[in-house]
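What shape does this take:
(4 chains)
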There are 2 protein chains.
Amino acid sequence: MDPIDTLIQHFRERIVLTDHDARCVGECFHVVTLKKKEVLLHTGEVSSHMRYIAEGCLRSYYMDEEAREHIIQFGIDGWWVNDLYSYLTRTPAKQFIQALEHSVVLQIHRDTLNQLYDQVPAIERFFRFKFEKAYVAVQDRTLNTLSKTAEERYFEFRSKYRDIEQRVPQYMIASYLGMTPEFLSALRKKTTT
Amino acid sequence: MDPIDTLIQHFRERIVLTDHDARCVGECFHVVTLKKKEVLLHTGEVSSHMRYIAEGCLRSYYMDEEAREHIIQFGIDGWWVNDLYSYLTRTPAKQFIQALEHSVVLQIHRDTLNQLYDQVPAIERFFRFKFEKAYVAVQDRTLNTLSKTAEERYFEFRSKYRDIEQRVPQYMIASYLGMTPEFLSALRKKTTT
DNA sequence: AGCGTTTCTTAAGATACCTTAAGATTTTTA
DNA sequence: TAAAAATCTTAAGGTATCTTAAGAAACGCT
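Residues are numbered from 1 along each chain as shown, chains lettered A, B, ... in the order given. You can find the predicted model right below:
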């Protein structure tokens, strides 16, 4: 399917769009194709687009002072990825966004999107919904991180994101969950045996 | 100042409201007064209101299986508090919301707010902004929790929320930061001396 | 098919943080 | 203003998780 059609369908599962609006919305996005390991957003660049994953798998991560990578988010088909802080404040990104597989991403520029909010209020509603849910999800993650053991976090991750678990290397899951790959490996051994 | 006026001013710092809209918005909220320690939302109840703190200080927290409290959020004058998951999904809350001081809260019912989104699009925009920023903030907290030591988290908290630090007991800050009160006490001793 | 690269595992020693328990201090209430 | 309740501190011993280093397995390219 044409990636833009995928996106329109994605919107229409959540909000009402007339055919005219849908066409108008579709024209605002453009397609970016990424090879495996290609970086879509580098630290230091300002993120000026909202990004929808039509196909593939990406991660966003940041590198701390000791050059350790911390994975902030994985994203697969149907998800949105961004360094939202950079996007909203127009400051240099502290995150990288990188393709983990060959991927197709649809982008809309901030200025275009802001116009679209006025032209098609349903799109503003879509993003309100989206951020409400995203907020709940990330708050839940924070709470898990604070109150659960590494083992509990890992098994919750597996049951919640089985599709992601099978597409990304184990050491990245460890990073996402805030533990070392060695420790995760030990956990798995303990409970698999 | 009348609490409703405080709220209108809060909106007007972020979005444009005609006088007519402002009056209309103001009428949708009602005032709730809370004594210290009073609970505004209990676990098990469905949260049906969005809540703005006109005055005072509250916390939201949840109790895990071992009956340990984990503080999710503090809120003071000008902040919003809610169990958003319960509000959005109409399922029983897993969080408590409790006043830590005498407080005045302004509430709007979900149904009223949903109508208001259609009547006054600027209000929908306000909440889009709000959740965008809230998402960024809580993502930042997650990252801190995952990548920093307890000591780093504590000093960041102090510099970021000096106003809150001075209003809430130290053991609650420990809970918010995901450490034991004993450990926080030891940290403070180490670095104060 | 073979070689380099990426990913996963193992294990020993180190450390950050927790648990328990008790006493000291501060705040609230009667 | 005294008693009760809430909060903070101290200290000893325990556990979860990390660090380092090395080798094994899987994957990807020529």
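
In contact with the residue most central in space within chain A, which residues?
The residue lying closest to the centre of chain A (CA atoms, centre = their mean) is residue A:81, at 3.2 Å. Neighbouring residues of residue A:81 by CB atoms under 8 Å, 6 or more residues apart in numbering or on different chains: A:51, A:53, A:58, A:60, A:73, A:75, A:97, A:105. Heads up, the C-betas are built off the backbone N, CA and C, glycines and all.

would the third one count as being in a helix?
Spelled out, that is residue A:58. No - applying DSSP: H, G, I helix; E, B strand; the rest coil, one finds residue A:58 to be strand, outside a helix.

I figured it hits residue A:102, correct?
No - in this structure, residue A:58 is not within contact of residue A:102 by CB atoms under 8 Å, at 10.9 Å.

joint contacts of those two?
Overlap of the contact sets of residue A:58 and residue A:102 (by CB under 8 Å, 6+ apart) consists of residue A:34.

Which one's more surrounded, these two?
Using other CB atoms under 10 Å in any protein chain shown as the criterion, residue A:58 and residue A:102 rank with residue A:58 on top: 25 against 14.

Leaving out chain neighbours, which residue sits closest to the residue nearest to the centre of chain A?
Computed as CB to CB, 6 or more residues apart in numbering or on different chains, the closest residue to residue A:81 that is not its neighbour in sequence is residue A:75, at 4.2 Å.

how far does the helix or strand of chain A with the lowest mean pLDDT sit from the chain's center?
Lowest by mean pLDDT, DSSP states H and E among the helices and strands of chain A is helix A:181-192, with a mean of 92. Put simply, helix A:181-192 sits 26 Å off its chain's centre (CA atoms, centre = their mean, to the nearest Å).

hmm, back to that, residues touching the residue nearest to residue A:81, list them.
Residue A:75 touches A:53, A:57, A:58, A:59, A:60, A:81, counting by CB under 8 Å, 6+ apart.

just to revisit the earlier point, I'd like to know which of the contacts of residue A:81 is nearest to residue A:37.
Distance ranking of the contacts of residue A:81 against residue A:37, using CB to CB, places residue A:58 first at 10.7 Å.

Tell me how far the closest one lies from residue A:169.
The gap separating residue A:58 from residue A:169 is 14 Å, by CB to CB, to the nearest Å.

and the longest helix for chain A?
The single longest helix within chain A, with elements called by DSSP state H, is helix A:121-147.

buried sites along it?
By 16 or more other CB atoms under 10 Å in any protein chain shown, the buried positions in helix A:121-147 come out as A:121-128, A:130-136, A:138-147.

ok, and does it reach over to DNA strand C?
No - under the criterion of CB under 7 Å from any atom of the strand, DNA strand C is not reached by helix A:121-147; the shortest gap measures 8.6 Å.

Please name every helix or strand in contact with the helix or strand following that helix.
Once helix A:121-147 ends, the next helix or strand along the chain (criterion: DSSP states H and E) is helix A:150-160. With contacts defined as 3 or more CB pairs under 8 Å, 6 or more residues apart in numbering or on different chains; DSSP states H and E, helix A:150-160 has these neighbours: helix A:121-147, helix A:170-177, helix A:181-192.

among these, which is nearest residue B:22?
Of all the helices and strands packed on helix A:150-160, it is helix A:121-147 that lies closest to residue B:22, at 20.1 Å by CB to CB.

Including distance to DNA strand D, could the helices and strands packed on helix A:150-160 go into a markdown table?
As requested, the helices and strands packed on helix A:150-160 are exported to a markdown table (distance: least, CB to the nearest atom of the strand, whole Å):
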| stretch | distance to DNA strand D |
| --- | --- |
| helix A:121-147 | 10 |
| helix A:170-177 | 8 |
| helix A:181-192 | 3 |
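
Between these, which one is closest to residue A:64.
Of all the helices and strands packed on helix A:150-160, helix A:170-177 sits nearest to residue A:64, with 11.3 Å by CB to CB.

hmm, back to that, weakest of the helices and strands packed on helix A:150-160 in terms of mean pLDDT?
Least confident of these, judged by mean pLDDT, is helix A:181-192 with a mean of 92.

ok, is it in contact with chain B or not?
No - Helix A:181-192 stays out of contact with chain B when judged by CB under 8 Å from any CB of the partner chain, the minimum separation being 13.5 Å.

Name the residues of that helix that are buried.
For helix A:181-192, by 16+ other CB under 10 Å, it's A:184, A:187.

Spell out whether that helix and DNA strand C are in contact.
Yes - under the criterion of CB under 7 Å from any atom of the strand, helix A:181-192 makes contact with DNA strand C via A:181, A:182, A:184, A:185, A:186, A:188, A:189.

Next up, the contacts around the second one.
With contacts taken as CB under 8 Å, 6+ apart, residue A:182 has no neighbouring residues.
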